[in-house]
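Please find the sequence and the predicted model below.
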Amino acid sequence: MFSGILATVCDIALVVEPSGVIRNAISGQESRLFAEAATWPGQNLKELIDPESAKKFERARDKLLEMSDEEGRYRWAELIHHAERGDAFPIRYSVHSLANDDAVLLLGRDQRPVIEMQQQLLNAQIALERDFEAQREADARYRLLMEFTSDAIVLVSMTSGRIVDMNMRAAVALGAARTELIGASFASQFNLAEGVDLLGSLSADTSGLGGATVEFATLRGGHHLEVRSRQFRAAGERLALCRLSEPGQDTQGLGSLATDLFQLFQLGTDAIVFTNKDGVIEAASDAFLNITDAPDSAAVVGRSIGEFLGRGAVDLKVLLENARRAGHLRSYSTKLTTDFDAQVAVELSATWLGDRSDPKLALVIRDATSATALRTDFSLGQGDMRGVMELVGSSNLKDIVAETTNVVEKICIETAIELTRNNRVAAAEMLGLSRQSLYVKLRKYGLLSREEE
């Protein structure tokens, strides 16, 4: 009977002699320890646990012997056991003294179910965090899509008729703040004649690919908007995706042109790059990735285009200033530096897209390696070369080298002035000179008066 009680209140009960030898081992048949516990009597407990656990047991037993009856006469100890197949498992014991006996009684609870439950909770927490991150990522993509599209988009609940979500373009079209419109009735944003059911109109054509199309005047401003809708279900709720546009707008033709331009951007042999007003890349075609040896668009988006230009910040300043001032820059020669520090000769054409709140710089980049190789008059002009050649025989080598240096210096200055469209500040930066030094050299070679004329 006593053995049955012990098997009920704990997973295993051990009676351990002062020498550490296990006198008795009792375990219920339903316990995971039943088979192993049957082999423990007669073995030394220290041989069944790791060295650190043996020290814990000794400390608990010694402390128990020092305690009085009023202090409870038991101690706790968690011991790590070695299983037959080599795995280790913890058992939490309460160590009790026995009356009229030097042996101690250990009542243990197998901690493996607790550890398994903790692991399940941890796995569940990790799964929840992954789901949360996936939801955040999907929400970020959705927000980016809503704001990046050029259309005014409104999501309307077909059950309540209220606006569920919308982008800023739709808020501007309806003439109110986005925060004010979300949750408001969609029908109340239009001047509707008596008896007109806006939701019914949106539901009128659900079979065609284009969905229902209706036209109403807005409540604020009174201008007419064409509302094209498409219904769908999400999480059991019926929603309508509504696109707002000006009546008669040739959206089909615009869509076709946008498709053609996008295919040109993706498949064109010349690289195309769009940057913000500071030169930070926002989009780049596959041709640009090929020239720069970049693995994918993520490797270049967010970086300054100046990082890829041979003259770095100087080239970037020339591009931005001239494109912003004139609206465009044509046939600007420079070099692109790849991610592996190789350089490719290119010609750039830049266009400033400034008719918007956030101006962009559009670049078309053509590989000019072959054209550069065919240029035979790139280094020196014929007249300057002839002048240098005539010095041979009439001047010593030192004078010839000095004259050659002057010729090269003059050509470099002329090239910088030409590349920067007579922007002398940019030309000085390109040549690594101060503005004063550049003016001195322009005057020296007779270029100052010619440029001013």
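Perfect, I can see it now. Note that the structure is predicted; figures quoted are calculated from it, not measured.

you'd agree Ala25 is up against Asp11?
No. In this structure, Ala25 is not within contact of Asp11 by Cβ atoms under 8 Å, at 11.4 Å. No exception for glycine: its C-beta is placed from N, CA and C like everyone else's.

how far away is the most centrally placed residue in the chain from Ala284?
Averaging the C-alpha coordinates of the chain gives a centre point, and the residue nearest to it by Cα atoms, centre = their mean is Ala298 (8.1 Å). Between Ala298 and Ala284 the computed distance is 10 Å (Cβ to Cβ, to the nearest Å).

which residue packs closest to Leu65, ignoring adjacent ones?
Spatially, and ignoring its direct neighbours in sequence, Leu65 is nearest to Ser97 (7.1 Å; Cβ to Cβ, 6 or more residues apart in numbering).

Contact partners for Phe288?
Neighbouring residues of Phe288 by Cβ atoms under 8 Å, 6 or more residues apart in numbering: 271-273, 294, 300, 365.

Give me the buried subset of the residues you listed.
By the neighbour-count criterion of 16 or more other Cβ atoms under 10 Å, those include these buried positions: 271-273, 294, 300, 365.

Could you tell me which of these belong to strands?
Here DSSP state E is the test, and the buried ones among the contacts of Phe288 give 271-273, 365 as lying in strands.

now, which of the residues you listed sits nearest Arg32?
For Arg32, the closest of these turns out to be Val273, at 65.3 Å, with distances computed as Cβ to Cβ.

Report pLDDT for the closest one.
Reported pLDDT at Val273 in the predicted model: 94.

Same check on Leu105?
Predicted confidence (pLDDT) at Leu105: the value is 88.

burial measure for it, as a count.
By other Cβ atoms under 10 Å, the residues close to Leu105 number 19.

With Leu202 instead?
25.

likewise Met430?
Neighbour tally, Met430, other Cβ under 10 Å: 23.

Leu261 too?
Taking other Cβ under 10 Å as the definition, Leu261 ends up with a neighbour count of 12.

A helix includes it, no?
Yes. With DSSP: H, G, I helix; E, B strand; the rest coil as the criterion, Leu261 is assigned to a helix.

Of the buried ones among the contacts of Phe288, which pair is most distant in space?
With Cβ to Cβ as the measure, no two of those lie farther apart than Ile272 and Ala294, at 14.2 Å.

For the residue nearest to Leu65, give me its contacts.
Residues in contact with Ser97, defined by Cβ under 8 Å, 6+ apart, are 64-65, 73-74, 104-105.

and the residues you listed, which of them are in strands?
Per DSSP E, those map to strands at 74, 104-105.

Name the nearest of those residues relative to Leu202.
Ranking the ones in strands among the contacts of Ser97 by separation from Leu202, with Cβ to Cβ as the measure, puts Tyr74 on top at 75.1 Å.

I'd assumed Lys63 was in contact with that closest one.
No. Tyr74 sits out of contact with Lys63 when judged by Cβ under 8 Å, with a separation of 10.1 Å.

quick one: which of those two has more around it?
Between Tyr74 and Lys63, counting by other Cβ under 10 Å, Tyr74 is the more crowded of the two (16 against 13).

so what's the more buried one bridging to?
The residues paired with Tyr74 through beta bridges, assigned by DSSP bridges, are His96.

Relative to Gln111, how far out is it?
Computed with Cβ to Cβ, the distance linking Tyr74 and Gln111 is 18 Å.

cool, Glu246 as well?
Glu246 sits 71 Å away from Gln111, taking Cβ to Cβ as the criterion.

Neighbour count: the two, which is higher?
Between Glu246 and Gln111, counted using other Cβ under 10 Å, Gln111 has the larger neighbour count: 17 against 12.
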